[in-house]
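> All I have is the shape, not the residue letters:
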DNA sequence: GATCTTAGTCGTCTGCCTGACGATAAACGC
DNA sequence: GCGTTTATCGTCAGGCAGACGACTAAGATC
């Protein structure tokens, strides 16, 4: 077979962009970096970078994630649309799954760039160092980043990508146990509830929530201790169980 | 701003591949084409092709779809992961949404190719003509294409892509009204039920199904006639209503 | 040390939805 | 007419979620 004629197809650059979500102080936050180079120099954007020749898409996303946050990724089913979380028992890894691909001709003024966005769900982390070509990095509440009146909207089409990632996270914690990816290895029912409340932006009944999560087989396993770090009566500590799919799902209240 | 230095990133080719699903004679079928050129010449594959410079990903998918089937696509929310169907009132267009992106380094022996797979749901169509560089085209039951004992498995990683697309379709008709995309503009409750049965590969209770779909506001609107094309008592004809999300969802029986 | 505040946990009740049917209706072929 | 096929309406029991009462156990405050 002869080598493929490179004039027969248009050349593209392929990047990965990351929507890294976490919950801190009762708000859903995303990782944003301040760009250190053109285009959109000095504007906030999602972390990301070019895919290298020898790596696949998930590896590129994991590499960028490690470079920006030091997080090891627990990959879901890779490119699989219904990316299920790999079984794990409370390591400090974050959940990583492919989100969607964005390739409009004008989205990057330099050249034709196709970006494969990935979604990362991580427990609360310290403020990241600015890595690589970024001038700064911060956790920003998604409501603020997506606010149409924000004087510093995200660069490129990253606002759209972030919105898609947030919507994916919101719907996915309904029918999977992925909300535990926002929690430390051991957590209480109340902490898990505050994750749902922050991601959905609603208040949930503590009693019904407790009944639901403790009554779903395989969702939570007791870790054997208690904590009072939230104040009030000591709460039992749990670890994420092996179950990945919630059936019946956790219902998101209407409006 | 100076033009971007093309030596600073590795060049990729970007393609779209299509998982085109339909229901014919009670079986979920996918469109397969016989390749007319290397690599994998004469093997069955999913339809697809290179993305052109001036078009976005959804446009490329719609163009390939038209070239292979003559179908006009009703695009969902494009790259949006929760691609919702555009509102429409019974045209002959098919549903199109982005599925996932596949970019392992060795997936195409010619060069580094990143493929943005799209999912198309279409009503029953005549056997397509072989378009472009294909030697042939056919509707094949997905169970047959994905059977590990099939002596003619799909080329490249198209088996994996097809499996992901089928799983997406199976889960999506649970909580959306997308099953109507498999039906002609006017259809009966029984025809819709046979779509669910073919996609899920299960038998559903006609009485409970009827109660569910007619009781969900906005799912179906009466078209004002009846038909006996399925034999038996005449059935009311319906059109797809405006609702896209089914809440509560249609439950897929276990096992 | 009594009391207040904050959370966590266990129960109860009611309404909605689903699954498993029975029964009836309206066409067709013989 | 009679059996067959498909559509459509009803009934009933069980499961689950929302609303909410009651009790428990820690730290904070007076």
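Ah, there it is. Since the model is a prediction, treat every value here as computed from it, not as a measurement. Numbers count the residues shown, from 1 in each chain, chains lettered A, B, ... in the order given.
> Write out the residues of chain A neighbouring DNA strand D.
A:205, A:207-208, A:211-212, A:215, A:228, A:231-234, A:248, A:250-251, A:253 (CB under 7 Å from any atom of the strand). Bear in mind the C-beta positions are built from the backbone N, C-alpha and C, glycine included.
> Closest one of those to DNA strand C?
Proximity of the residues of chain A next to DNA strand D to DNA strand C, judged by CB to the nearest atom of the strand, is greatest for residue A:232, which lies at 2.0 Å.
> Show me which of the residues of chain A next to DNA strand D are buried.
Using 16 or more other CB atoms under 10 Å in any protein chain shown as the burial test, these include A:212, A:250 as buried.
> In strands, which of the residues of chain A next to DNA strand D appear?
If you go by DSSP state E, those have nothing in strands.
> List just the nearest of the residues of chain A next to DNA strand D to residue A:147.
Nearest to residue A:147 out of those is residue A:253 (CB to CB; 22.9 Å).
> Next step: the residues of chain A next to DNA strand D restricted to helices.
Among the residues of chain A next to DNA strand D, the members found in helices (DSSP state H) are A:207-208, A:211-212, A:215.
> pLDDT for the residues you listed - can I get that in CSV?
Shown next, in CSV, are those (pLDDT from 0 to 100):
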residue, pLDDT
A:207, 97
A:208, 97
A:211, 97
A:212, 97
A:215, 95
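> returning to that earlier point: any idea which of the residues of chain A next to DNA strand D is closest to residue A:145?
Closest to residue A:145, out of all of the residues of chain A next to DNA strand D and judged by CB to CB, is residue A:253, at 24.1 Å.
> So that closest one is in contact with residue A:204, correct?
Yes: applying CB atoms under 8 Å as the test, residue A:253 and residue A:204 come out as touching, 7.4 Å apart.
> and stretch A:134-148, average pLDDT?
The average pLDDT within stretch A:134-148 is 92.
> no no, stretch A:14-32
96.
> what bridges to the residue lying closest to residue A:122 once chain neighbours are set aside?
Distances taken as CB to CB, 6 or more residues apart in numbering or on different chains put residue A:94 closest to residue A:122, at 3.8 Å, once the chain neighbours are dropped. Beta-bridge pairing for residue A:94 (DSSP bridges): residue A:73.
> what's the answer for residue A:100, then?
With DSSP bridges as the rule, residue A:100 is bridged to residue A:117.
> Just give the number of residues close to it.
Neighbours of residue A:100 under the rule other CB atoms under 10 Å in any protein chain shown: 30.
> Helix, strand or coil: sort out the spatially most central residue of chain A for me.
For chain A, residue A:120 is the residue whose C-alpha lies nearest the centre (CA atoms, centre = their mean; 2.7 Å). Classification of residue A:120 by DSSP: H, G, I helix; E, B strand; the rest coil places it in strand.
> show me the contacts for it.
A:18-21, A:61, A:65, A:71, A:73, A:94-96 (CB atoms under 8 Å, 6 or more residues apart in numbering or on different chains).
> same thing but 10 Å
Residue A:120 makes contact with A:18-22, A:30-31, A:47, A:61-62, A:64-65, A:68-69, A:71, A:73-74, A:94-97, A:99, A:165, A:169, A:181 under the criterion CB atoms under 10 Å, 6 or more residues apart in numbering or on different chains.
> now residue A:217
Contacts of residue A:217 (CB under 10 Å, 6+ apart): A:241-243.
> So which bits of the stretch 51-200 of chain A are right by DNA strand C?
Of all the residues in the stretch 51-200 of chain A, those lying near DNA strand C are A:188-191, A:193, going by CB under 7 Å from any atom of the strand.
> hang on, isn't residue A:23 packed against residue A:195?
Yes: counting by CB atoms under 10 Å, residue A:23 touches residue A:195, with 5.3 Å between them.
> sorry, back to before: just the buried ones from the residues of the stretch 51-200 of chain A next to DNA strand C, in PyMOL syntax?
Selecting only the buried entries of those in PyMOL, with 16+ other CB under 10 Å as the criterion:
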select buried, chain A and resi 188+189+190+191+193
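> What separation is there between whatever residue of the stretch 101-250 of chain A ends up closest to chain B and DNA strand C?
Residue nearest to chain B within the stretch 101-250 of chain A: residue A:110 (3.9 Å; CB to the nearest CB). Distance from residue A:110 to DNA strand C, counting by CB to the nearest atom of the strand, to the nearest Å: 49 Å.
> how about that residue, phi and psi?
Torsion angles at residue A:110 (phi, psi; degrees, to the nearest 10) stand at phi -70, psi -40.
> What separation is there between it and residue B:112?
Counting by CB to CB, to the nearest Å, the gap from residue A:110 to residue B:112 is 20 Å.
> neighbour count winner among those two?
residue B:112 (18 against 15).
> My guess is the more buried one contacts residue B:103. True?
Yes: under the criterion of CB under 10 Å, residue B:112 makes contact with residue B:103 at 7.8 Å.
> what do these two both touch?
A:14, A:51, B:12.
> Drop anything exposed from those.
Buried, going by 16+ other CB under 10 Å: A:14, A:51, B:12, out of these.
> Reformat the contacts of residue A:217 as TSV; add neighbour count and distance to DNA strand C.
Output for the contacts of residue A:217, formatted as TSV (neighbours: other CB atoms under 10 Å in any protein chain shown; distance: CB to the nearest atom of the strand, whole Å):
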residue	neighbour count	distance to DNA strand C
A:241	17	15
A:242	12	21
A:243	16	19
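> Quick one: low-confidence residue ranges for the stretch 51-200 of chain A.
The model of the stretch 51-200 of chain A has pLDDT under 70 over residues A:75-92, A:130-132.
> Could you rerun that using 80?
Where the stretch 51-200 of chain A drops to pLDDT under 80, the residues are A:70, A:72-93, A:127-134.
> now the helices: where do they sit in it?
With DSSP state H, counting those that start in this stretch, the ranges of helices along the stretch 51-200 of chain A come out as A:57-69, A:142-146, A:158-175, A:189-200.
> okay, the ones you listed in TSV with distance to residue B:147 next?
Listed next are these as TSV, based on distance: least, CB to CB, whole Å:
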stretch	distance to residue B:147
helix A:57-69	27
helix A:142-146	44
helix A:158-175	29
helix A:189-200	40
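> thinking again about what came up before, could you find the closest non-adjacent residue to the residue nearest to the centre of chain A?
residue A:20 (4.3 Å).
> Pull the number of nearby residues for that neighbour.
For residue A:20, using other CB under 10 Å, the count is 26.
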